[in-house]
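A.B. asks: next come a sequence and a model predicted from it.
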Amino acid sequence: MIGSNGEIPSQPHFIFYNNLTSPCGALEHTGDNLDGSGEGDDELINVTLNDISDNIKELVIVVTIHDAQARGQNFGQVLNSFVRIFDTSNDNEIAKYELDEDFSTETAIEFGRIYKKSGSWRFKAVGTGYTAGLQGFVDKFASKFL
Ligand SMILES: [Ca+2]
């Protein structure tokens, strides 16, 4: 969750497997799935846009492989991996990337951004892959406290 200065305001605003819920309650991560077992979506982040506190201007959605560098892993080695965003009010899929095809050599991707403009929330697909893993995003958005 990004504030107006382009950074995460505080550690509780960094939503991931060890911090599942945002301070405002608008974001809820359903938890870590370590092995991809089960059908369909393995991990979900539910977002209630109207509940996001006013100091948050943007949500940056990132997918990474845990300890990818140490394990020598990338998305190309994970079968049937994808990230998508959909609107639960009408089940419309807004965007989807196939990670194993589109990001075969990467270990982290910035999937997209949900941002506020003129009082309403919009989604922008980004689709930029990185090889620096989660730490690269921490350095970029949370350098002050992580
Ligand atoms: Ca996981």
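C.D. replies: Alright, I've got the coordinates. Numbers count the residues shown, from 1 in each chain.
A.B. asks: rest of the way, CA atoms for contacts and neighbours
C.D. replies: Will do.
A.B. asks: just the buried positions in the helix or strand bottoming out on mean pLDDT in the chain, please.
C.D. replies: None of the helices or strands of the chain scores lower by mean pLDDT, DSSP states H and E than helix 133-141, at a mean of 83. With burial defined by 16 or more other CA atoms under 10 Å, the residues of helix 133-141 counted as buried are 133-134, 137-138, 141.
A.B. asks: can the residues you listed go into a markdown table with extra columns for distance to residue 94?
C.D. replies: Shown next, in a markdown table, are the buried residues of helix 133-141 (distance: CA to CA, whole Å):
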| residue | distance to residue 94 |
| --- | --- |
| 133 | 25 |
| 134 | 25 |
| 137 | 24 |
| 138 | 26 |
| 141 | 25 |
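A.B. asks: which of those sits closest to the ion?
C.D. replies: residue 134 (12.6 Å; CA to the ion).
A.B. asks: same for the helix or strand containing residue 121, what does it pack against?
C.D. replies: Element membership for residue 121 (DSSP states H and E) is strand 120-130. For strand 120-130, the elements it packs on are strand 108-117, judged by 3 or more CA pairs under 8 Å, 6 or more residues apart in numbering; DSSP states H and E.
A.B. asks: measure the residue nearest to the spatial centre of the chain to residue 72 for me?
C.D. replies: Centroid-nearest residue in the chain, with CA atoms, centre = their mean: residue 61, separated by 2.6 Å. Distance from residue 61 to residue 72, counting by CA to CA, to the nearest Å: 23 Å.
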